[in-house]
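Undergrad: Predicted model and sequence below, questions to follow.
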Amino acid sequence: MHAQSPIQRRKSRQIHVGSVAVGGDAPISVQSMTNTDTLDVDATVAQIERLEAAGADIVRVSVPDMDAAEAFGRIKRRVSVPLVADIHFDYKIALRVAELGVDCLRINPGNIGREDRVRAVVGAARDNGIPIRIGVNAGSLEKDLQKKYGEPTPAALVESALRHIDHLERLDFPDFKVSVKASDVFMAVAAYRELATKIEQPLHLGITEAGGLRSGTVKSSIGLGMLLMDGIGDTIRVSLAADPVEEIKVGYDMLKSLRLRSKGINFIACPSCSRQNFDVIGTMNELEARLEDVMTPLDVSVIGCVVNGPGEAKETDIGLTGGNPANLVYIDGKPASKLRNDHLVDDLERLIRDKVREKQAAEEDMIVRQG
């Protein structure tokens, strides 16, 4: 379970969004976007803190006008996670949030207007060490590209991206990342694959407007999974019509399944059947809810019977195998104790948290010895 991922990642230029490295050999970062009214500073800060607690590496905030820009400054002072300002059309908003400490500007240079305005924004980004994200979306392609291609296509998305990139390259500004999102999986995947061959900058992956929690998770997992398996992608956002915290959870589960990130508990659980000796589904639901705060990497298997249970348990940090009259617990692949169903979740949570503390102590001791 702890083996390295066989995926060979595309080599990309590394940029920094605040304290988070994106691209190069940095871990693939997971981000989401607030859906509160940015002018409601308290509500937005509260949501950002929930996202950070769920594991968000980066959070994007919409900044549609100058009032929102001032609110963004107040928000930035109250949170520690890097913030991206989402800006369209008005270059003055970008200049203002640059003064207020933004960590990244999401702005398409071609939408800003005159060359002097693009130059001003790029100058502010350069002076403050702020990268730019170019975000191309199939739903908002330039009119001439819509006319040229007749409809959104992978080629249209890539051509749009290269237009925006050209603005930054003419100003010798290489610190940017790019997304070419579409709600159609085939279109998005084809566009990202093509763009990946044309630029060295990091790519921000996403299937835009993917849908609700279930359908959006499936669509995003297929599209982003195809790209990640190709080694394409440096940061991801799973776009769901759901609580933004769910985007972070799905994003990490996606990366954990490909062994590209290892934050939090990796559960292996059977779907349950008539052989189960305890309520597998209820146990898993309860454990996931209780252990959302755990960020230490840990593999835990929860299997309802002895058919596959011992085999899975021997490969995980902690394994539970259903048995009668008691269930068998494995720790580090070896039989350790037996648990009855009466307090199964309580006892298993205790064992998991004990193991987490043990791993944390070992990591801290290693840091001390290496220091």
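TA: Yep, that arrived.
Undergrad: for residue 92, helix, strand, or coil?
TA: helix (DSSP: H, G, I helix; E, B strand; the rest coil).
Undergrad: And it, how close does it get to residue 72?
TA: Going from residue 92 to residue 72 by CB to CB, to the nearest Å gives 13 Å. Yep, even glycine has a C-beta here, placed from its N, CA and C like the rest.
Undergrad: more crowded one of these two?
TA: residue 72 (27 against 15; other CB atoms under 10 Å).
Undergrad: quick one: residue 351 is in a helix?
TA: Yes. Under three-state DSSP, residue 351 falls within a helix.
Undergrad: can you pull the contacts of it?
TA: Counting by CB atoms under 8 Å, 6 or more residues apart in numbering, residue 351 touches 318, 329, 331, 337.
Undergrad: Adjacent strands (with direction) for the one helix or strand residue 338 maps to?
TA: In the assignment (DSSP states H and E), residue 338 maps to strand 334-339. Sheet pairing of strand 334-339 (DSSP bridges) gives strand 327-331 (antiparallel).
Undergrad: so how far is the strand it pairs with from its chain's centroid?
TA: Mean-position distance between strand 327-331 and its chain equals 33 Å (CA atoms, centre = their mean, to the nearest Å).
Undergrad: Restricting to C-alpha, output it in PDB.
TA: Below are the C-alpha coordinates for strand 327-331, written out as PDB (Å, rounded to 0.1, in the frame of the first residue of the first chain):
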ATOM      1  CA  ASN A 327     -13.400  -9.900  14.900                       C
ATOM      2  CA  LEU A 328      -9.700 -10.000  14.500                       C
ATOM      3  CA  VAL A 329      -7.500  -6.900  14.400                       C
ATOM      4  CA  TYR A 330      -4.100  -6.900  12.600                       C
ATOM      5  CA  ILE A 331      -1.500  -4.200  13.300                       C
END
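Undergrad: List of residues touching it?
TA: In contact with strand 327-331 (CB under 8 Å, 6+ apart) are residues 277-278, 309-310, 313-314, 316-321, 335-341, 344, 348, 351, 355.
Undergrad: let's see 7 Å
TA: With contacts defined as CB atoms under 7 Å, 6 or more residues apart in numbering, strand 327-331 is touched by 277-278, 313-314, 318-321, 335-339, 344, 351.
Undergrad: right, and the pair among those with maximum separation?
TA: The span of the contacts of strand 327-331, defined through CB to CB, is set by 314 and 344 at 20.4 Å.
Undergrad: which one of the two has more residues nearby?
TA: Ranked by neighbour count (other CB under 10 Å), residue 314 and residue 344 place residue 344 first, with 21 against 15.
Undergrad: If you drop the residues flanking it in sequence, what lies closest to the more buried one?
TA: By the measure of CB to CB, 6 or more residues apart in numbering, the closest residue to residue 344 outside its immediate chain neighbours is residue 278, 5.8 Å from it.
Undergrad: Then residue 167?
TA: Residue 167 sits nearest to residue 109 (CB to CB, 6+ apart), 3.6 Å away.
Undergrad: ok, how many other residues are close to that neighbour?
TA: Residue 109, neighbours per other CB under 10 Å, totals 25.
Undergrad: buried set for stretch 157-176?
TA: Within stretch 157-176, the residues that count as buried by 16 or more other CB atoms under 10 Å are 157-165, 167-168, 171, 173, 175-176.
Undergrad: Contacts for it next, please.
TA: Contacts of stretch 157-176 from elsewhere in the structure, counted by CB under 7 Å, 6+ apart, are 13, 15, 108-110, 118-119, 122, 125-126, 131-134, 136, 138, 141-142, 145, 178, 180, 182, 191, 194-195, 198-199, 201.
Undergrad: how about a cut-off of 6 Å?
TA: The contact list for stretch 157-176 (CB atoms under 6 Å, 6 or more residues apart in numbering) reads 15, 108-110, 118, 122, 131-132, 134, 136, 141, 145, 178, 180, 191, 194-195, 201.
Undergrad: among these, which are in helices?
TA: In this view, the contacts of stretch 157-176 that belong to helices under DSSP state H are 109, 110, 118, 122, 145, 191, 194, 195.
Undergrad: With pLDDT and distance to residue 248 added, can I get these in a markdown table?
TA: Output for the ones in helices among the contacts of stretch 157-176, formatted as a markdown table (pLDDT from 0 to 100; distance: CB to CB, whole Å):
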| residue | pLDDT | distance to residue 248 |
| --- | --- | --- |
| 109 | 84 | 29 |
| 110 | 80 | 31 |
| 118 | 93 | 33 |
| 122 | 97 | 31 |
| 145 | 95 | 33 |
| 191 | 98 | 24 |
| 194 | 98 | 28 |
| 195 | 98 | 25 |
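Undergrad: quick one: which of those residues is nearest to residue 235?
TA: Nearest to residue 235 among those, counting by CB to CB, is residue 195 at 14.6 Å.
Undergrad: what number of residues lie near that closest one?
TA: 22.
Undergrad: what's the answer for residue 366, then?
TA: Neighbour count for residue 366, taken as other CB under 10 Å: 10.
Undergrad: Assign a three-state SS to it, would you?
TA: Secondary structure for residue 366, judged by three-state DSSP, is helix.
Undergrad: doesn't residue 321 make contact with residue 309?
TA: Yes. Here residue 309 lies in contact with residue 321, judged by CB atoms under 6 Å, at a distance of 3.0 Å.
Undergrad: can you list residues touching both of these two?
TA: Common neighbours of residue 309 and residue 321 (CB under 6 Å, 6+ apart) are residue 303.
Undergrad: what about the stretch 1-150 of the chain, any weak spots by pLDDT?
TA: Applying pLDDT under 70 to the stretch 1-150 of the chain picks out residues 1-2.
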